[in-house]
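1. Need a 3D model of the sequence below.
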Amino acid sequence: MTTCGECGHEISTTAKSCPKCGGKVKAESSGAMAWVLLAGGALFVGMIFAGASVPDYKHEARERREACELIAAPGMKGECMKQYLADIEAGKTAKAK
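-> Below is the predicted model of the structure:
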């Protein structure tokens, strides 16, 4: 619901005119929507670039950790994380050589 700019009567946001006075309802500005879309697009592009900059060994280590967590018993998920961290360190060492 919104308020008529002419008489102050409460009217539906979908109304084209006020049922009480007949005053035209102003369409809401789409400027805010444009900013939301622009910000969302910029965030999406940023995420693409951030994902592209992650080294392959980190992607592989994460995939192995996720697979481990799917098959591990609830109490064993900590072991998956330990192996993940070891895989990351091994990847860093291999990349440095």
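2. now the strands for the chain?
-> Defined through DSSP state E, the strands belonging to the chain, from first to last, are 2-3, 10-11.
3. The first one pairs with which strands, and in what direction?
-> Note on strand 2-3: by DSSP bridges, its sheet partners are strand 10-11 (antiparallel).
4. what about the strand it pairs with, average pLDDT?
-> In this model, strand 10-11 has a mean pLDDT of 88.
5. Give me the pLDDT for the nearest residue to residue 72 once chain neighbours are set aside.
-> Using CB to CB, 6 or more residues apart in numbering and skipping residues adjacent in sequence, the residue nearest residue 72 is residue 80, 5.5 Å away. For every residue, glycine as well, the C-beta is placed using N, CA and C. We note a pLDDT of 91 for residue 80 in this prediction.
6. give the contact list for residue 80.
-> Under the criterion of CB atoms under 8 Å, 6 or more residues apart in numbering, the contact list for residue 80 reads 65, 68-69, 72.
7. before we move on, the earlier item: which one of the strands of the chain lies closest to residue 43?
-> Ranking those by their distance to residue 43 (criterion: CB to CB) puts strand 2-3 first, at 30.0 Å.
8. And the closest one, how far out from the chain middle?
-> 32 Å (CA atoms, centre = their mean, to the nearest Å).
9. thought residue 57 was touching residue 93?
-> No. Assessed by CB atoms under 8 Å, residue 57 is found out of contact with residue 93, at 9.8 Å.
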